[in-house]
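Novice: Any chance you can model this:
(one chain, ligands or ions: 1)
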Amino acid sequence: MRDSRETFVNHAFVTGFPVKHSRSPLIHGYWLRELGIAGSYQAHEVSPEDFPDFMRQLKSGASGFCGGNVTIPHKEAAFRLSDRPDELSAELGAANTLWVEDGEICATNTDGQGFVANLDERAEGWDQISTAVVLGAGGASRAVIQAVRDRGIKAIHVVNRTPARAQELADRFGAAVHAHPLGALSEVMTEAGLFINTTSLGMDGEPAPEIDFSMLAKDAVVTDIVYVPLKTPLLRQAEAQGFAIVDGLGMLLHQAVPGFEKWFGRRPVVDETLRQLII
Ligand code: ATR
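Specialist: Residues are numbered from 1 along each chain as shown. Next up is the predicted model:
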């Protein structure tokens, strides 16, 4: 006898332009296999001009997707075109995770959650420090600053090549956040307990600039959101100077957790096998 019950299989996506470099299909594919879920997660390249139509099809159900991840350059448009952005994404003006509920597109941004989950795992007690230095003032920096501020870090010094962008973040995030030009880096590092790099400084074949971390507090943690290579030039320098370092791979893995749970109904675990698979 044929079973007349329908089997619902959820399909999720990652979209960007380009999207082929994305590690997300590997991450979600691993979890789907591990948990034995008959769902799918696939890379789906969409150009900026086609993105509004992609969102319309997501909302109507025509695309067959229940939700997905959004990466560069669609994060701002995903936020704007969603029906129910949450507070986190609204404050950032950017979304990286979408799902459809009652015919409406809901949106959030999990980058900051990924960042703090990685620190929670690898630098327990980090949120007891009072002062952090953030290098860079782009989209990624914004999500990191929001998350660090929300965990109660009292002073966050944003240092950026283009000081106006750092100032924009200070204006956006309020009293805890202070803007500085690159030249002030050593000075603002004095006694800071956490140093966060959000730039690609020293990557892309450029020589890594020498950063003297010695002004930081002795037990400071230095972390990078770049994860290729796992030990970035900046992390190597900090390690050579005796500081604890945390690489950025865990941020990538942990930011994927809330989306998977929304689309497939199970909370996945970031384990060592997954780390090895993605490196
Ligand atoms: P993302 O969204 O990934 O953060 P972005 O918005 O392009 O990317 O931001 C990149 C950040 O890295 C910026 O803070 C940028 O500094 P500017 O605001 O002055 O552009 C910083 N950055 C990139 N390359 C840099 C370099 N060679 N030296 C100093 N800062 C650099």
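Novice: now the strands for the stretch 1-150 of the chain?
Specialist: With DSSP state E, counting those that start in this stretch as the criterion, the stretch 1-150 of the chain has strands at 11-15, 40-43, 67-70, 84-85, 97-101, 104-108, 131-135.
Novice: and the residue of the stretch 1-150 of the chain found nearest the ligand, what does it touch?
Specialist: In the stretch 1-150 of the chain, the residue that lies nearest the ligand is residue 138 (2.1 Å; CB to the nearest ligand atom). C-beta: built from backbone N, CA, C; applies to glycine. Residue 138 is in contact with 165, 198-199, counting by CB atoms under 8 Å, 6 or more residues apart in numbering.
Novice: Now render the strands of the stretch 1-150 of the chain as a markdown table, adding mean neighbour count, mean pLDDT and distance to residue 216.
Specialist: Converted to a markdown table, those look like this (neighbours: other CB atoms under 10 Å; pLDDT from 0 to 100; distance: least, CB to CB, whole Å):
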| stretch | mean neighbour count | mean pLDDT | distance to residue 216 |
| --- | --- | --- | --- |
| strand 11-15 | 23 | 98 | 36 |
| strand 40-43 | 20 | 98 | 39 |
| strand 67-70 | 27 | 98 | 34 |
| strand 84-85 | 18 | 98 | 36 |
| strand 97-101 | 23 | 97 | 33 |
| strand 104-108 | 20 | 98 | 33 |
| strand 131-135 | 25 | 98 | 8 |
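Novice: Residue 26: how many residues sit nearby?
Specialist: 12 (other CB atoms under 10 Å).
Novice: How about residue 55?
Specialist: By other CB under 10 Å, 23 other residues sit near residue 55.
Novice: What of the one 4 residues further on?
Specialist: When neighbours are defined as other CB under 10 Å, residue 59 has 17 of them.
Novice: With residue 77 instead?
Specialist: Residue 77, neighbours per other CB under 10 Å, totals 17.
Novice: Over to residue 20?
Specialist: Neighbourhood size, residue 20 [other CB under 10 Å]: 8.
Novice: what sits against it?
Specialist: Applying CB under 8 Å, 6+ apart, we find residue 20 in contact with 43, 45.
Novice: Could you number the chain from 431 rather than 1 from now on?
Specialist: Done: numbering now begins at 431, and the last item shifts to residue 450.
Novice: Do you know the pLDDT at it?
Specialist: Residue 450 carries a pLDDT value of 95.
Novice: and what of the one 10 residues further on?
Specialist: On the pLDDT scale, residue 460 is placed at 98.
Novice: My guess is it contacts residue 704. True?
Specialist: Yes - applying CB atoms under 8 Å, one finds residue 460 in contact with residue 704, separated by 5.5 Å.
Novice: Alpha carbons only: can I get stretch 483-493 in CSV?
Specialist: Taking Å, rounded to 0.1, in the frame of the first residue of the first chain, the C-alpha atoms of stretch 483-493 are listed here in CSV:
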residue,chain,number,x,y,z
ASP,A,483,13.0,38.7,-7.7
PHE,A,484,14.8,36.0,-5.7
MET,A,485,13.2,37.4,-2.5
ARG,A,486,9.8,37.5,-4.1
GLN,A,487,10.0,33.9,-5.1
LEU,A,488,11.2,33.0,-1.6
LYS,A,489,8.2,34.7,-0.1
SER,A,490,5.7,33.1,-2.5
GLY,A,491,7.1,29.7,-2.1
ALA,A,492,7.9,29.5,-5.8
SER,A,493,11.6,29.0,-5.2
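Novice: Name the nearest residue to residue 668, sequence neighbours excluded.
Specialist: residue 652 (3.7 Å; CB to CB, 6 or more residues apart in numbering).
Novice: which among the contacts of residue 568 are in contact with the ligand?
Specialist: Intersecting the contacts of residue 568 with the contacts of the ligand gives 595, 628-629 (criterion: CB under 6 Å from any ligand atom).
Novice: Of these, which is the most crowded?
Specialist: With neighbours taken as other CB under 10 Å, the top of these is residue 628, carrying 25 neighbours.
Novice: Now stretch 507-516: buried residues?
Specialist: 507-509, 511-512, 515 (16 or more other CB atoms under 10 Å).
Novice: Using CSV, lay out those together with distance to residue 444.
Specialist: Formatted as CSV, the buried residues of stretch 507-516 follow (distance: CB to CB, whole Å):
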residue, distance to residue 444
507, 15
508, 12
509, 16
511, 17
512, 16
515, 19
